[in-house]
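coords below, sequence missing:
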């Protein structure tokens, strides 16, 4: 069993930056693919970014490519989402997620564990 806890959300002005963190419990974290999804009010949950177990592969939604960066530190059981040039449309609850397979992409079905989410609000 893996538990995921997100942190780092908050209120930021458009053009600003935030770094989200996800702390994972469990000895097998380093073998999991990790990802970030987000959900805005009234919208479906959508894929943001993913990283393979060894960090040799990363994937991004087109809407965040070149602005967001996902990384992980297996020694600390942590994954991060670095968000730059934030836009009001990035406002959402951001969820950290982990998949037992070493590689995962943009489908929620690739993932087995989910955090509770952290709110990101970007003001214009």
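Everything's here; your move. Quantities reported herein were computed from a predicted structural model and do not represent experimental measurements.

For stretch 70-77, buried residues please.
Within stretch 70-77, the residues scored as buried using 16 or more other CB atoms under 10 Å are 70, 72, 74, 77. C-beta coordinates here come from the backbone N, C-alpha and C atoms, glycine included.

just checking, the third one touches residue 28?
No. In this structure, residue 74 sits apart from residue 28 without contact. The criterion is CB atoms under 8 Å, and the distance is 10.6 Å.

who's sitting farthest from the centroid in this structure?
Distance to the chain centre peaks in the chain at residue 124, reaching 22.7 Å (criterion: CA atoms, centre = their mean).

and that one, what is it in contact with?
Residue 124 is in contact with 14, 88, counting by CB atoms under 8 Å, 6 or more residues apart in numbering.

Please report the distance of it from residue 91.
According to CB to CB, to the nearest Å, residue 124 stands 10 Å off from residue 91.

give the contact list for residue 87.
Counted by CB under 8 Å, 6+ apart, residue 87 has contacts 14, 122.

Which pLDDT value goes with the most centrally placed residue in the chain?
Geometric centre of the chain, nearest residue: residue 36, 2.3 Å, by CA atoms, centre = their mean. We have a pLDDT of 98 for residue 36.

So it belongs to a strand, correct?
Yes. Remark: residue 36 belongs to a strand, assigned using DSSP: H, G, I helix; E, B strand; the rest coil.

Check whether residue 31 really touches residue 101, as I assumed.
No. Residue 31 lies out of contact with residue 101 (CB under 8 Å); the separation is 9.1 Å.

Please name the nearest non-neighbouring residue to residue 70.
residue 49 (4.0 Å; CB to CB, 6 or more residues apart in numbering).

That neighbour touches residue 67, doesn't it?
No. In this structure, residue 49 is not within contact of residue 67 by CB under 8 Å, at 10.5 Å.

Which residues does residue 71 form beta bridges with?
residue 80 (DSSP bridges).

And it, how close does it get to residue 83?
Distance of residue 71 to residue 83, computed by CB to CB: 12 Å.

any common contacting residues for those two?
With contacts defined as CB under 8 Å, 6+ apart, no residue is shared by residue 71 and residue 83.
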